[in-house]
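[1] what's the 3D shape of this:
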Amino acid sequence: MNKILCLFVCLLLLGCNPSTTTKAPVVVAKPTPKPAVCLPTGKRIEPAFVAAKAALKKTPCVYQFDAILTRLLTISEGDPQLRNKQRFSAFLQWSQGQGIISQKQAKTYYTRYFGLYFMTLPRTGYTTCSMCPKVAQLRRQLHAEVGQKKIGLLRVSGDKKTYQKAVNDHNALQTILKAVCHACANH
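    Coordinates of the predicted model:
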């Protein structure tokens with residue numbers, strides 16, 4: 001009992017009077033949906049796109065755009081067809097129209113997965129010595145992008161012809177980059 005009284009007196013002397021202290025306000029944050037809540041489910045393509053659009057209309061889910069796009073790609077792999085290119089094009093245009101992504105982002109997403117050309121490649125200067133210090137990074141990015149094209153062109157769209165062209169372009173670009181930097185090193 002003396003210990004409790006002593007503790008109480010010490011607290012009073014230190015200015016910790018329990019009867020005068022105010023309670024901190026309780027802040028109740030709005031629950032944000034877990035990422036899984038935003039992601040479309042199931043194996044059917046059309047309902048997945050409808051669910052993705054509905055989820056993206058909710059503010060917290062907008063920040064899950066990449067995860068939603070990845071899930072749509074995964075679901076679409078279950079039914080590869082050329083029409084899927086148009087589905088993704090329409091989805092990206094809708095997302096742009098809603099202000100979720102910019103026009104440049106929509107073009108980049110589409111081209112990375114469904115286009116023949118490589119977004120990683122600088123539009124100019126990849127045949128000059130100035131890019132050689134960054135060639136290893138550029139080659140890794142090109143390799144990653146050919147992987148995205150494999151998903152979009154081959155697994156989602158079943159477009160073997162365009163995918164093979166992209167692989168051939170990728171291989172040619174790797175050879176060009178290697179030759180340019182070898183020539184620059186020996187110059």
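[2] Now do the helices in the protein.
    Shown for the chain, the helices assigned by DSSP state H span residues 2-13, 35-38, 45-56, 59-62, 65-77, 83-97, 103-114, 135-149, 160-185.
[3] if I look at Ala106, how far off is Ala179?
    34 Å (C-beta to C-beta, to the nearest Å). C-beta coordinates here come from the backbone N, C-alpha and C atoms, glycine included.
[4] wait, I meant Cys61
    46 Å.
[5] Which one's more surrounded, the two?
    Cys61 (21 against 11; other C-beta atoms under 10 Å).
[6] Disregarding residues adjacent in the polypeptide, which is nearest to that one?
    Counting by C-beta to C-beta, 6 or more residues apart in numbering, Cys38 is the residue found nearest to Cys61 once chain neighbours are left out, at 3.7 Å.
[7] what residue lies at the spatial centre of this structure?
    Asp66 (3.4 Å; C-alpha atoms, centre = their mean).
[8] thinking again about what came up before, which residues are in contact with the residue nearest to Cys61?
    Going by C-beta atoms under 8 Å, 6 or more residues apart in numbering, Cys38 touches 55-56, 58, 60-61, 64, 67-68.
[9] Can you report how many residues lie near Ile75?
    The burial count for Ile75: 23, using other C-beta under 10 Å.
[10] Over to Thr162?
    18.
[11] do the same with the one 10 residues further on
    As a burial measure, the neighbour count of Ala172 was computed by other C-beta under 10 Å and equals 10.
[12] and what of Cys184?
    Residues lying near Cys184 (other C-beta under 10 Å) number 15.
[13] quick one, what contacts the residue nearest to it when sequence neighbours are not counted?
    Closest residue in space to Cys184, ignoring its immediate chain neighbours: Cys129 at 3.7 Å, by C-beta to C-beta, 6+ apart. Listed by C-beta under 8 Å, 6+ apart, the contact set of Cys129 reads 180-181, 184, 187.
[14] how's this protein carved up into domains?
    41-114, 116-187 (automatic domain parsing).
[15] Can you get me the start-to-end distance on the longest one?
    Going back to what we said before, that points to domain 41-114. 23 Å (C-alpha to C-alpha, to the nearest Å).
[16] mean confidence for it?
    Summarised as a single mean, pLDDT over domain 41-114 is 95.
[17] Would you pull up how far that domain lies from the middle of the chain?
    In terms of C-alpha atoms, centre = their mean, to the nearest Å, the centre of domain 41-114 is found 11 Å from the chain centre.
[18] got the end-to-end distance for stretch 111-123?
    Start to finish, the residues bounding stretch 111-123 are 14 Å apart (C-alpha to C-alpha).
[19] Would you mind listing the outside residues contacting it?
    73, 85, 88-89, 108, 131, 138, 141-142, 144-146, 148-149, 151-153, 156-157, 162, 165-166, 169-170, 173.
[20] If anything else comes up later, I'll come back, but that's it for now.
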